[in-house]
Each structure stands twice: as C-alpha cells, then as structure tokens.
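[1] Next comes the sequence, and after it the predicted model I'd like to discuss.
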Number of protein chains: 2
Amino acid sequence: MNKLMIGVEACEVKAIHEEIVSTVGKLMVPPHQIQSLAELYKTLGDGTRLSIVLALCEAEMCVCDLCALLSLKQSAVSHQLNKLRLSRVIKNRREGKMVFYTLADEHIRDILKTGMDHVTE
Amino acid sequence: MNKLMIGVEACEVKAIHEEIVSTVGKLMVPPHQIQSLAELYKTLGDGTRLSIVLALCEAEMCVCDLCALLSLKQSAVSHQLNKLRLSRVIKNRREGKMVFYTLADEHIRDILKTGMDHVTE
DNA sequence: TGATCATATGATAATATGATCATATATTGT
DNA sequence: ACAATATATGATCATATTATCATATGATCA
C-alpha cells in the first residue's frame, strides 16, 4: 500500500496528465516516511491521547494526575500512555511508585502548535 | 469524553499533585479545540490520505492522476478525497469531466512540514 | 438522445481501535 | 514476607474504519 509505481498502469482510468504524475512521483516523499508520519498523526488523532499530550505540554504529570485531570479511568490512561510512548511522543521516568510522563522532545510542541494554529485560525 | 472536570473525583486513584492538576486544568486548551485538532490529525493519520495530501503539496491533480501516482483504485481515492475535503484539508474545482484537487490552504503545508521534520530528524 | 469518460457514492465485509474489567507487576513501608 | 499503593497489561466487546464492488451522477460529444 502507498507504493509509488509511476508509469505502471494500476488504475482502470488512464491518467490524463502524465507529465505531472511523473514529476510529482519524483518529488514525492518516500513511502516509509509517509508511513511514519501517518503513524504519528494517527497517534495524535484521538481525543484522549491528544488531551494527554496537551496536558503534558504544560507540565510533567504522573498517571493518576492525568486520570484526575481528564476524568478517565487509570486503565484507559495507561493504555494510551503506552501507545504514545511507543510512538515516541512522550517518555517516562519512574520515581518510587509513581511514573511521570513528559513530552519526548520539543519537536512535539512545535507540531501541536502548528496544528492548533490551524484549528483556531 | 475528554471533558476537563477539575476537582471532580473521577479516578479510583487519588491525584497526588493537586496543585499541578489544578494549574494545568486552567491552562488546558478547551475540549472542542482538542477535538477539532484530533480530527485533523485523524484525517492525516492514514497512509492513503496522507499520500494524497503530500502529492497535492507538489501539484494540483485530478482524481485519475492520483490513482495512477499512488496505484490505487478510483473508488478508494474518491472516498478518501471526500474525507479530506470534509475535513477542509483539500478543496476541489471541476473542469469539464475532471475534478482537480489542491490543498485547502497554505497552513496545511506548514503542518505537514513540521511533522515531516520530526519524522526525518 | 445515447454513448462514453471521469468522478462520486451506497452497501458490504474484513480489520482496527478504544474503553472496560480483571489481574499482574513494581515499589515502599511495616 | 505481607500489605498497600501506583501503574501496566491481557482479554473482550462494541464501534469505527477502509477497500472493494456495484452502481449512480455529471459532463462532453457524436
């Protein structure tokens, strides 16, 4: 899926603008990068996860802080934290019984800001 | 879902850091904005749709150009174009039998660039 | 008007996802 | 070692999503 097969007749309809298709094909981002980016967006594309990440933009928090802040069950929060961590959006640090979460890096903040600017335009 | 109910005891675990929870609660983006942003990310969080959008970053294209470029069936492309259009990521313009698609606005390009920078870091 | 091309859309089936429940793991203090 | 607390995780169910097929719509031209 998402492979670029320029010149291959893959569509039942003939491409009308072969030059554009060819040019764009050469300019296109490689498929594995597209997939990585899609996975980042998919991770952020859920209200619960995005709320967590936006909260962590403001401060480092432990799991139960997030539960209280977002009115979510501990299990739900942990599951989503795990997904966010696997996608390298957040990272964690254990301190005694508690585990504290923060943004993985400052890039995440830029990404969210750009998106938020668009939404609140 | 995703409502911020600060101070409400919604989690079976007691929040340890009440001050942080309270402060972050006040700083948090309002829920409807979180939801809008999550929907934008969800829309971009699919390989097929993201490929389409990245292609349209390079040039205006008609449906069958996209079919050829991405090796996808016309129906699949049309369905995803429709979702992208409903999310205001792209817009279209009819010219005779063909329908040409472009990015809805320049903001989209910024959003993609920020995300791509992170992925290709 | 009928034929053809380009695109859109409804229905369906396979897969993915998220919340919840129950339970497991890890840490601390007694 | 045991109890208590904080967090993680496996299983399950309900819902959402995607690609595909079949068909419909819209536009052009003979």
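    Structure's in. What do you need?
[2] quick one, phi psi at A:K97?
    A:K97 adopts backbone torsions of phi -80, psi -20, taken as degrees, to the nearest 10.
[3] How much space separates it from A:R49?
    According to C-beta to C-beta, to the nearest Å, A:K97 and A:R49 sit 24 Å apart. C-beta coordinates here come from the backbone N, C-alpha and C atoms, glycine included.
[4] Which of the two has more residues huddled nearby?
    Comparing A:K97 with A:R49 by other C-beta atoms under 10 Å in any protein chain shown, the one with more neighbours is A:R49, at 24 against 7.
[5] Now A:E121. Nearest residue, chain neighbours left out?
    Leaving aside its chain neighbours, A:E121 sits nearest to B:H107 (7.0 Å; criterion: C-beta to C-beta, 6 or more residues apart in numbering or on different chains).
[6] That neighbour touches A:V119, doesn't it?
    No - when contacts are counted by C-beta atoms under 8 Å, B:H107 is not listed as touching A:V119 (9.6 Å).
[7] can you tell me which helix or strand the residue sitting nearest the centre point of chain A belongs to?
    In chain A, the residue lying closest to the centroid (C-alpha atoms, centre = their mean) is A:L40, at 2.5 Å. Assigned by DSSP states H and E, A:L40 falls within helix A:31-44.
[8] and the angle for that helix with helix B:31-44?
    Here helix A:31-44 runs at an angle of 160 degrees relative to helix B:31-44 (axes from the mean of the first three to the mean of the last three C-alpha atoms, to 10 degrees).
[9] who's in contact with the helix or strand following helix A:31-44?
    Heading C-terminal from helix A:31-44, the first helix or strand you meet, by DSSP H and E, is helix A:47-58. Contacts with helix A:47-58, where a contact means C-beta atoms under 8 Å, 6 or more residues apart in numbering or on different chains, come from A:43-44, A:61, A:66, A:69-70, A:72, A:76-77, A:80-81, A:83-84, A:89-90, A:101-103, A:108-109, A:112, B:1-2, B:23-24, B:27-29, B:31, B:34-35, B:37-38, B:41.
[10] Same question for stretch A:87-105.
    Residues from elsewhere that reach stretch A:87-105, judged by C-beta under 8 Å, 6+ apart: A:39-40, A:43-44, A:52-53, A:56-57, A:60-64, A:66, A:81, A:84-85, A:108-109, B:16.
[11] go with 6 Å
    A:43, A:56, A:60, A:62-63, A:84, A:108 (C-beta atoms under 6 Å, 6 or more residues apart in numbering or on different chains).
[12] and the residues you listed near DNA strand C, which?
    When C-beta under 7 Å from any atom of the strand is applied, no member of the contacts of stretch A:87-105 is adjacent to DNA strand C.
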